[in-house]
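Peer 1: please find the sequence and the predicted model below.
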Amino acid sequence: CLATLIIMLVGDTYTLINYVSFINYLCYGVTIMGLIVLRWRKPKIFRPIKVNLLIPITYLAFWAFLLAFSLYSEPVVCGIGLIIILTGVPVFFLGVYWRNKPKCVNRLIESVTCWGQKLCFVVYPQCGSPEEE
């Protein structure tokens, strides 16, 4: 969000749309790859919707062509889009991967989450732990 705000203040809207579209299509392709890998490695798990594998493989082929063409035609935009994606890596390591965090870090994460929930009206804020209530 912060990177998007900085880009909007510095650049024009069309450049921002190019960054976001590259990021979206990259994520769509990775999702389809995950679908294919799961269908191959775990064929027996429950799936509410099951399609022929030819459809995601065809989509993936077109996706790879469009992504390669984007990387060839606009490498700077794609590079900045990848940098925007990689800004989430430290957040992942601080918030999810690091299991034995000090209590002050946990309290900070909880307060930022609660503040964000109140600010955006996304879910009912559940500030504090159940033991406090």
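Peer 2: Everything's here; your move.
Peer 1: just give the number of residues close to the nearest residue to Val123 once chain neighbours are set aside.
Peer 2: Leaving aside its chain neighbours, Val123 sits nearest to Gln117 (5.4 Å; criterion: Cβ to Cβ, 6 or more residues apart in numbering). Heads up, the C-betas are built off the backbone N, CA and C, glycines and all. Residues lying near Gln117 (other Cβ atoms under 10 Å) number 15.
Peer 1: now Tyr19
Peer 2: Neighbours around Tyr19, by other Cβ under 10 Å: 23.
Peer 1: list the contacts for the residue nearest to it when sequence neighbours are not counted?
Peer 2: Nearest in space to Tyr19, with sequence neighbours left out and distances taken as Cβ to Cβ, 6+ apart, is Gly81 at 4.7 Å. By Cβ atoms under 8 Å, 6 or more residues apart in numbering, the contact set of Gly81 is Asn18, Tyr19, Val20, Phe22, Ile23, Leu26.
Peer 1: and Gly81, which helix or strand is it part of?
Peer 2: helix 75-86 (DSSP states H and E).
Peer 1: mean confidence score for that helix?
Peer 2: Per-residue pLDDT over helix 75-86 has a mean of 85.
Peer 1: list the buried residues in that helix.
Peer 2: For helix 75-86, burial by neighbour count (16 or more other Cβ atoms under 10 Å) applies to Val77, Cys78, Ile80, Gly81, Ile84.
Peer 1: what's the next secondary structure element after that helix?
Peer 2: helix 88-92.
Peer 1: that next one: how far from the chain's middle?
Peer 2: Computed by Cα atoms, centre = their mean, to the nearest Å, the chain-centroid distance of helix 88-92 equals 10 Å.
Peer 1: let me see the ranges of the strands in this structure.
Peer 2: Here the chain has no strands by DSSP state E.
Peer 1: so which residues of this protein form helices?
Peer 2: 2-10, 13-41, 54-73, 75-86, 88-92, 103-120 (DSSP state H).
Peer 1: quick one: closest of these to Pro48.
Peer 2: helix 13-41 (13.0 Å; Cβ to Cβ).
Peer 1: that closest one packs against which elements?
Peer 2: Where contact means 3 or more Cβ pairs under 8 Å, 6 or more residues apart in numbering; DSSP states H and E, helix 13-41 is packed against helix 2-10, helix 54-73, helix 75-86.
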